[in-house]
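Peer 1: sequence and predicted structure below; questions after.
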Amino acid sequence: MKRKLNWLGGLIATAFLIGGMLPANAEKLVLGNEGSYPPFSMVSADGTLTGFEPGLAREMCKRMNAECEIVVMDFKALIPALLQNKLDAVATQTKPLPERKAKVLFGRPILFNPDSYVIPKDKDYTFTKEGLKGVRIGLQRSSAQAKYITEKFGDVVEIVSYDNPDQIRLDLASGRLDMSLGPKISWTNEFLSKPAGKDWKFAGGDLWTGGGEQGSSWIARKDSGELVDRMNKALDSIIADCTFTKLRKQFMDVALLPEEAACK
């Protein structure tokens with residue numbers, strides 16, 4: 001009996017020591033990420049979420065002393081999940097459309113990435129209602145680009161909606177679409193610089209489809225101002241000590257922020 005009591009006492013003591021080594025009230029955050037937007041985010045063959053934004057989010061959480069779980073879902077589901085308290089924040093680049101700003105808080109910009117049309121090299125379009133009449137354009141659902149095209153040309157073009165950019169690129173390469181509109185960095189890395197995109201080009205110049213504002217950010221609920229402030233502080237430090245640039249260079253060569261000029 002004495003031996004059993006000694007064993008039990010030792011187990012309790014060990015549990016006490018282990019518990020003492022952990023923060024009593026460790027902050028836990030659930031972040032949403034698209035997971036299908038290379039090189040910014042993608043899920044590898046073994047199911048691991050990788051890419052620039054997940055890496056940046058993990059570093060941010062480390063500096064915030066927070067334990068973060070990153071949940072992958074379609075882009076169109078991220079803001080609804082945030083508003084339903086299923087997420088604490090969204091760590092996927094989001095453009096500051098007016099209707100989004102009315103619902104959520106935007107943090108500091110994490111990149112400046114203008115949009116441009118992607119069209120066949122042997123085509124030239126006039127980007128007017130007359131010039132785009134009857135064109136089939138592939139766009140991601142609930143995106144700033146989809147809103148932009150719907151408002152400007154929705155009555156003359158045929159909009160084909162997709163859940164993610166990979167599906168758009170497949171249909172472009174197969175000839176089922178005439179064009180798309182999307183961020184230049186992503187389309188350069190994932191299409192125009194690859195064999196499938198050899199017959200395609202950018203056209204129409206740089207467009208800022210985020211309600212006239214430049215830059216994309218991570219977001220949180222309107223009642224999470226303190227969290228956004230802490231996220232911004234952590235991101236500022238990551239950018240200032242060039243960790244941001246080191247992370248970015250693992251996935252792409254082009255700089256995402258003007259502040260990166262100090263890290264050359």
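Peer 2: Arrived safely. Numbers count the residues shown, from 1 in each chain.
Peer 1: which parts of whichever strand or helix holds residue 235 are buried?
Peer 2: Secondary structure from DSSP states H and E places residue 235 in helix 225-240. Neighbour-count burial for helix 225-240 flags 227-228, 230-231, 234-235, 238-239 (criterion: 16 or more other C-beta atoms under 10 Å). To be clear about C-beta, it is placed using only N, CA and C from the backbone, and glycine gets the same treatment.
Peer 1: need the next SSE after that helix, C-terminal direction.
Peer 2: Assignment by DSSP H and E places the next element after helix 225-240 at helix 243-249.
Peer 1: what is the nearest of the buried residues of helix 225-240 to residue 150?
Peer 2: residue 228 (29.2 Å; C-beta to C-beta).
Peer 1: any idea how far the closest one is from residue 102?
Peer 2: Plainly put, residue 228 is 16 Å away from residue 102 if you go by C-beta to C-beta, to the nearest Å.
Peer 1: before we move on, what about residue 222?
Peer 2: Distance from residue 222 to residue 102, by C-beta to C-beta: 9 Å.
Peer 1: more neighbours, these two?
Peer 2: For residue 222 versus residue 102, neighbours defined as other C-beta atoms under 10 Å are more numerous around residue 222 (12 against 8).
Peer 1: could you find the closest non-adjacent residue to that one?
Peer 2: Nearest non-adjacent residue to residue 222, counting by C-beta to C-beta, 6 or more residues apart in numbering: residue 105, 5.8 Å away.
Peer 1: what about the one you found, how many residues nearby?
Peer 2: 19.
Peer 1: got a list of what it touches?
Peer 2: 219-222, 224-225, 228 (C-beta atoms under 8 Å, 6 or more residues apart in numbering).
Peer 1: of all pairs in the residues you listed, which one is the farthest apart?
Peer 2: 219 and 225 (12.1 Å).
Peer 1: pull out the buried residues from stretch 206-217.
Peer 2: For stretch 206-217, by 16+ other C-beta under 10 Å, it's 207-210, 213, 215-217.
Peer 1: in strands, which of the residues you listed appear?
Peer 2: Here DSSP state E is the test, and the buried residues of stretch 206-217 give 207, 216-217 as lying in strands.
Peer 1: out of those, who's nearest residue 82?
Peer 2: The closest of those to residue 82 turns out to be residue 217 (C-beta to C-beta; 13.3 Å).
Peer 1: now that closest one: how far from residue 170?
Peer 2: Taking C-beta to C-beta, one finds residue 217 at 29 Å from residue 170.
Peer 1: what do you get for residue 102?
Peer 2: For residue 102, the distance to residue 170 - C-beta to C-beta - is 34 Å.
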